[in-house]
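Asker: Here's my sequence, what's the structure:
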Amino acid sequence: MELGYWNVRGRAELLRVLLRYLHIDYKEVNPQSIEDAHAIFAKHHFIFPNLPYLVDGDNHVTESSAMWLYVLQKANRDDLRGHPGIEQIHHQEVLGVLGDIREALVKVVCRPKFQEKWEKTAKPLLRRKYRELSALLGDKDYLFGHLTFADFALWLSIRFTEVVLRALEVGVEDFWGEWKNLPQLAARIESFPELQEYFKSEEFRKRPYISDFLTKLKIGN
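Answerer: Got it, this is the predicted structure:
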């Protein structure tokens, strides 16, 4: 399997972690420019050429919301979508909430006057949505009482949030406050034996989260 994306964590990081957790071998291609990306697209048969992408034999998949489903299907791990019925619906709700959080963070770090944007827009949104996620998690190990893809997605959201908090010189522990079950879940994900080698690797530690902006702030590691 081939995974293609820029050499940042970004929208591909969940796929990297999921592939390793599920013991699916893959190679990664990191285009160095828009021109490189379009040259790669020309060699394949994507319906919707984009980054990130997966190529697995005759299967060509783009769009992050579809790629994780493909990986679960390949691994025969439909259980990671949540139990059939209302739980799967709530699972999708959680992914929508985490998408809102990511969008709010990206708008902060990729624009001028980011401290002001944090206080006025991102901080209130994040506090409300993380409070709701913390309530859903409660005293369980995982959001739905068993491991799902949403737990991996929440892990990345928490760690990306912490990177931005440090850049803004906001106390990480103070931010989580009474929601300490959230960083505890993130630590639980990071303790999986299947992921230990990756989290200790130079590849993981040196790759910035989303852009040169974060690298310039020295918060990409």
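
Asker: ok, Tyr21 - contacts?
Answerer: Contact analysis of Tyr21 by Cβ atoms under 8 Å, 6 or more residues apart in numbering lists 152, 192, 194-195. Every C-beta, even on glycine, is put in place using the N, C-alpha and C of the backbone.

Asker: In helices only, show me the residues you listed.
Answerer: Phe152 (DSSP state H).

Asker: now the contacts of Tyr21: which count as buried?
Answerer: 152, 195 (16 or more other Cβ atoms under 10 Å).

Asker: how about the contacts of Tyr21 in a markdown table, adding distance to Gly138 and pLDDT?
Answerer: Shown next, in a markdown table, are those (distance: Cβ to Cβ, whole Å; pLDDT from 0 to 100):
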| residue | distance to Gly138 | pLDDT |
| --- | --- | --- |
| Phe152 | 19 | 98 |
| Phe192 | 21 | 97 |
| Glu194 | 26 | 96 |
| Leu195 | 24 | 96 |
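
Asker: Tabulate the contacts of Tyr21 (a markdown table), appending distance to Asp36.
Answerer: A markdown table is the format used below for those (distance: Cβ to Cβ, whole Å):
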| residue | distance to Asp36 |
| --- | --- |
| Phe152 | 28 |
| Phe192 | 33 |
| Glu194 | 31 |
| Leu195 | 29 |
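
Asker: And the furthest pair within the contacts of Tyr21?
Answerer: Phe152 and Glu194 (11.6 Å; Cβ to Cβ).

Asker: Can you report how many residues lie near Gly145?
Answerer: Using other Cβ atoms under 10 Å, Gly145 has 12 other residues around it.

Asker: Kindly confirm my reading that it is in a strand.
Answerer: No. Assigned with DSSP: H, G, I helix; E, B strand; the rest coil, Gly145 falls outside any strand and is coil.

Asker: and it, how far is that from Ile86?
Answerer: From Gly145 over to Ile86 the distance is 14 Å, taken as Cβ to Cβ, to the nearest Å.

Asker: Give me the below-cutoff pLDDT ranges for this structure.
Answerer: Along the chain, the parts satisfying pLDDT under 70 run over 110-112, 211-221.

Asker: any idea where the helices of the chain begin and end?
Answerer: For the chain, applying DSSP H gives helices covering 13-21, 34-43, 64-74, 86-109, 114-117, 123-137, 149-167, 172-176, 181-190, 196-200, 202-206, 212-216.

Asker: Format the ones you listed as CSV; extra columns: distance to Leu3.
Answerer: Formatted as CSV, these follow (distance: least, Cβ to Cβ, whole Å):
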stretch, distance to Leu3
helix 13-21, 6
helix 34-43, 12
helix 64-74, 9
helix 86-109, 19
helix 114-117, 30
helix 123-137, 28
helix 149-167, 16
helix 172-176, 30
helix 181-190, 20
helix 196-200, 13
helix 202-206, 13
helix 212-216, 21
